[in-house]
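In: Just need the structure, nothing else, for what follows:
(2 chains)
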Amino acid sequence: MNKSKLFIYLFLVLLFLVVRASAQSADSLLNTLDNSKKFNKVESTFKATHIVLSHSTETQKKHDLDLRIRHHFGDIGGEFGSAHTLYGLDVATDLFIGLDYGVSDKLTIGFGRSKHDELLDLYIKQKLIEQQKDGGLPFNLTFLAQVGLVAREPFASTEFANYSDRLTYLIQPIISRKFSSRISLQVMPSYLIRSVSAEPNDPNNLFSVGFAGRFKLTKRLSFVADYTLINGLSRKENLVTPLYNPLGVGLEIETGGHIFSLNFMNSEFITENNFIANTKKSWTEGGVRFGFTISRNFSLFKSKNKDPNTKSTIY
Amino acid sequence: MISIKNSKYLLLVLFYFAFIYAASAQTFVGKNIKVNIFSSTPVEDIKAASSSGAAVLIAQKQELAVQVNIKSLEFDKKLMQEHFNENYMESDKYPTAKFKGIISPKIDWTKDGEYNVTAKGTLNVHGEDQVRSITGKLSIKNGVVNLYSSFDVACAAHQIKIPSLVFTKIAEVIKVTIQGTLNPLNK
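Out: Prediction:
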């Protein structure tokens, strides 16, 4: 009796298992084949490699070349603005032309030239960590190193006593996170190394912390902003010429390969080596100006792809 | 010592194992299904491919399910791939495209042969379900199933919007090709 009871019990358990086995649906089997872990990289934290003034954590795609033209106009209000200068549009405080090239999907080298100081800059930007969904790493980390060379003639015979006085260096780890498809935020501590500063009170080497964000209004239109905190960190307050923290806000329009940005900012200058150290205008005293960025992406070495399954053709 | 009564139970247990074996032998799975997409306009032809689609075929029920991770589709231009994921497919929100349906006519899965089949079911792309009847080819050889199908997916049917403010032209109907091998599932 005990034995048969055991068998009945066993049979019922097995019957339950067989029902489960036959009820095994295509869905649950598909789930066991799930390979989404391999493809859980969070992409497009930012649309462009730059936000308003600052770099973003994005790099160029492999073999893509980005031609970037940026312009900052003059003061909208205040002493130098108003109708006499068509609210600053008569003035070009800074102009920038640069090329960024993606050596790989994670490594970009860039070269640019600014009007202010005839600054030539060269940078490398390396993606180190990429944000992942579902338990992966929760943020992006990109490292930026930039060297700037002031190419203009010295204003005074003593200005560049050594040639190396023309050089400035920027080291900046950039940390960002895409919180949702609409909101991305970024923080970038940076260290700017200068041989000389404008005033004896102003330290040669400046530590700053930048904050930036994107809010997508539509799929192709984003509100972007960045702010760099310098005053109150390593810089003293009692400078003869007051210097301000740069704040930029902008609208970024993406049209597939092109990115247009319409920006407003208090910084006259475009490159980090200039704007972190030398922003002399303030948002509160009419020093805000209009600026724009045009970025056009070119894919180089397209013909290298021989795979007929992915080869795209432009007629 | 086993009585006649007990050996009956034993027989039932053996029958159970035979049944479970038969059931599992008639399930086929494929892990490296090739999925290609093709958009053709007078301006530009765009292609993308993935070889990490997954497929499950439950022979008894003639049930077929195919799934592909959108981010696994690779483009020639990586920027195009990013736009595809972010602007069109919203793959962070809708990570997969999936078809699930019933194959007709009835097939003897133990016999080698080639069949023209129709699968009736639901195609889910961009989070939108569409009831579809998709034709394809099935071939069975040495217990291995080969699957091939080519069909059109209309962007509008799946709420994939193509904005007017785009320089690269994308077709309103995308051709999708699925091809792969399904092996019997080993328990």
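In: What count of nearby residues applies to residue A:3?
Out: Residues lying near residue A:3 (other C-beta atoms under 10 Å in any protein chain shown) number 12. C-beta coordinates here come from the backbone N, C-alpha and C atoms, glycine included.
In: what helix or strand is it on?
Out: Using DSSP states H and E, residue A:3 falls within helix A:2-23.
In: Can you name the next helix or strand after that helix?
Out: Assigned by DSSP H and E, the successor of helix A:2-23 is helix A:26-32.
In: Just the buried residues of that next one, please?
Out: A:26, A:29, A:30 (16 or more other C-beta atoms under 10 Å in any protein chain shown).
In: so the second one touches residue B:30, yeah?
Out: No. Using C-beta atoms under 8 Å, residue A:29 is not in contact with residue B:30; the gap is 10.9 Å.
In: Just to be sure, residue A:48 is in a strand?
Out: No. Counting by DSSP: H, G, I helix; E, B strand; the rest coil, residue A:48 is not part of a strand but coil.
In: got the contact list for it?
Out: By C-beta atoms under 8 Å, 6 or more residues apart in numbering or on different chains, the residues touching residue A:48 are A:56, A:58, A:252, A:254, A:259, A:261, A:293, A:295.
In: Got the confidence number for the second one?
Out: Looking at residue A:58, its pLDDT is 95.
In: Can you get me a residue count around it?
Out: Look at residue A:58: counted by other C-beta under 10 Å, it has 23 neighbours.
In: tell me the contacts of the residue in the stretch 101-250 of chain A that chain B sits nearest to?
Out: Distances between the stretch 101-250 of chain A and chain B by C-beta to the nearest C-beta are smallest at residue A:219, namely 5.1 Å. Contact analysis of residue A:219 by C-beta under 8 Å, 6+ apart lists B:86, B:87, B:161, B:163.
In: which residues touch the third one?
Out: For residue B:161, the residues meeting the contact criterion (C-beta under 8 Å, 6+ apart) are A:219, B:88, B:155.
In: quick one: pLDDT of the first one?
Out: Reading off the confidence values, residue A:219 has pLDDT 85.
In: and what of the second one?
Out: The model reports residue B:88 with a pLDDT of 90.
In: in chain A, which residue is closest to the centre?
Out: Here the mean C-alpha position of chain A is nearest to the C-alpha of residue A:56 (C-alpha atoms, centre = their mean), at a distance of 0.8 Å.
In: right, and it touches residue A:45 too?
Out: Yes. Counting by C-beta under 8 Å, residue A:45 is a contact partner of residue A:56 at 7.3 Å.
In: and the residue nearest to residue B:154 when sequence neighbours are not counted, how many neighbours?
Out: Closest residue in space to residue B:154, ignoring its immediate chain neighbours: residue B:173 at 5.1 Å, by C-beta to C-beta, 6 or more residues apart in numbering or on different chains. Residues lying near residue B:173 (other C-beta under 10 Å) number 12.
In: what does residue A:46 give?
Out: Other residues within reach of residue A:46, judged by other C-beta under 10 Å, total 22.
In: ok now do it, which residues does it touch?
Out: Remark: with contacts taken as C-beta under 8 Å, 6+ apart, residue A:46 is in contact with A:56, A:57, A:58, A:176, A:184, A:186, A:214, A:224.
In: list the contacts for the closest residue to residue A:177 other than its chain neighbours?
Out: Excluding its sequence neighbours, the residue lying closest to residue A:177 (C-beta to C-beta, 6+ apart) is residue A:139, at 4.5 Å. Residue A:139 makes contact with A:129, A:131, A:175, A:176, A:177, according to C-beta under 8 Å, 6+ apart.
In: beta partners for residue A:147?
Out: Beta bridges link residue A:147 to residue A:122, residue A:169 when assigned by DSSP bridges.
In: quick one: the strands in chain B?
Out: Ranges of strands in chain B, per DSSP state E, are B:27-40, B:44-58, B:63-69, B:74-75, B:96-104, B:113-125, B:128-141, B:144-154, B:173-184.
In: Kindly report the same for the stretch 201-315 of chain A.
Out: Listed in chain order, the strands of the stretch 201-315 of chain A (DSSP state E, counting those that start in this stretch) span residues A:205-216, A:221-229, A:247-254, A:258-265, A:289-299, A:313-314.
In: export those strands to JSON lines and tack on distance to residue A:105 and mean neighbour count?
Out: Below are these laid out as JSON lines (distance: least, C-beta to C-beta, whole Å; neighbours: other C-beta atoms under 10 Å in any protein chain shown):
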{"stretch": "strand A:205-216", "distance to residue A:105": "20", "mean neighbour count": "19"}
{"stretch": "strand A:221-229", "distance to residue A:105": "22", "mean neighbour count": "20"}
{"stretch": "strand A:247-254", "distance to residue A:105": "19", "mean neighbour count": "21"}
{"stretch": "strand A:258-265", "distance to residue A:105": "18", "mean neighbour count": "20"}
{"stretch": "strand A:289-299", "distance to residue A:105": "13", "mean neighbour count": "19"}
{"stretch": "strand A:313-314", "distance to residue A:105": "22", "mean neighbour count": "10"}
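In: low-confidence ranges in chain B?
Out: Scanning chain B for pLDDT under 70 picks out B:1-6, B:12-13, B:16-25, B:164-168, B:186-187.
In: Let's see that with 80 instead.
Out: For chain B, applying pLDDT under 80 flags the ranges B:1-25, B:43, B:162-169, B:186-187.
In: quick one: contacts for the closest residue to residue A:203 other than its chain neighbours?
Out: Excluding its sequence neighbours, the residue lying closest to residue A:203 (C-beta to C-beta, 6+ apart) is residue A:234, at 5.6 Å. The contact partners of residue A:234, taken as C-beta under 8 Å, 6+ apart, are A:203, A:205, A:206, A:207, A:208.
In: mind running it again at 6 Å?
Out: A:203, A:206, A:207 (C-beta atoms under 6 Å, 6 or more residues apart in numbering or on different chains).
In: Which residues of chain B lie near chain A?
Out: Along chain B, the residues adjacent to chain A under the rule C-beta under 6 Å from any C-beta of the partner chain are B:9, B:16, B:20, B:23, B:31, B:36, B:44-49, B:52, B:54, B:56, B:58, B:63, B:65, B:67, B:69, B:71-72, B:74, B:76-79, B:82-83, B:85-87, B:92, B:95, B:165-168.
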